[in-house]
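Peer 1: heads up, no residue letters with this:
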Ligand code: TYC
């Protein structure tokens with residue numbers, strides 16, 4: 001018995017090859033890869049409310065250690081007072097930890113219970 005082909009064979013699919021592309025510097029790159037390096041995790045320094053630390057002390061601390069002008073520092077202090085906490089600044093992990101230490105040390109020296117912490121930014 002003889003068999004006849006009923007369909008013509010499908011031609012082989014050519015692999016997709018990216019044409020050479022130019023990068024920003026003008027040199028030719030053969031393939032672009034997705035960026036794998038993530039930006040570093042940043043940390044926010046959060047200051048907490050308490051019933052005893054004077055408002056003026058908090059304003060000065062925010063000015064001194066977080067580089068805010070008096071008006072911005074006052075707004076942040078009032079947010080902490082009303083909401084229980086607020087972000088004073090966002091930094092690399094080490095810098096955020098150092099800010100927390102500075103706040104704690106200043107509060108300890110002055111005899112106030114002011115607390116700060118750092119946490120990763122979502
Ligand atoms: N709640 C404090 C008061 O009424 C003021 C205060 C504000 C304390 C912010 C801490 O992080 C703080 N004296």
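Peer 2: Received it, and whenever you're ready, just let me know what you need. No experiment lies behind these values; they were computed from the predicted model shown.
Peer 1: Residue 50 looks like it's in a helix, true?
Peer 2: No. Using DSSP: H, G, I helix; E, B strand; the rest coil, the assignment for residue 50 is coil, not a helix.
Peer 1: Could you measure from it over to the ligand?
Peer 2: 5 Å (Cβ to the nearest ligand atom, to the nearest Å). For the C-beta atoms, the positions are set from N, CA and C on the backbone; glycine is no exception.
Peer 1: same check, this time on residue 38
Peer 2: Counting by Cβ to the nearest ligand atom - residue 38 and the ligand are separated by 32 Å.
Peer 1: Where does that residue sit: helix, strand or coil?
Peer 2: coil.
Peer 1: what's it sitting at in phi/psi?
Peer 2: Torsion angles at residue 38 (phi, psi; degrees, to the nearest 10) stand at phi -90, psi 150.
Peer 1: Give me the pLDDT for it.
Peer 2: pLDDT for residue 38: 92.
Peer 1: Show me the helices in the chain, by range?
Peer 2: 55-66, 70-83, 93-110 (DSSP state H).
Peer 1: Tell me which of the ones you listed sits most buried.
Peer 2: helix 55-66 (a mean of 18; mean count of other Cβ atoms under 10 Å).
Peer 1: now that one against helix 70-83, angle please.
Peer 2: 120 degrees (axes from the mean of the first three to the mean of the last three Cα atoms, to 10 degrees).
Peer 1: Helix 55-66 packs against which elements?
Peer 2: With contacts taken as 3 or more Cβ pairs under 8 Å, 6 or more residues apart in numbering; DSSP states H and E, helix 55-66 sits against strand 43-48, helix 70-83, strand 85-91, helix 93-110.
Peer 1: what about the ones you listed, which gets the closest to residue 117?
Peer 2: Nearest of the helices and strands packed on helix 55-66 to residue 117, taken as Cβ to Cβ: strand 43-48 at 5.4 Å.
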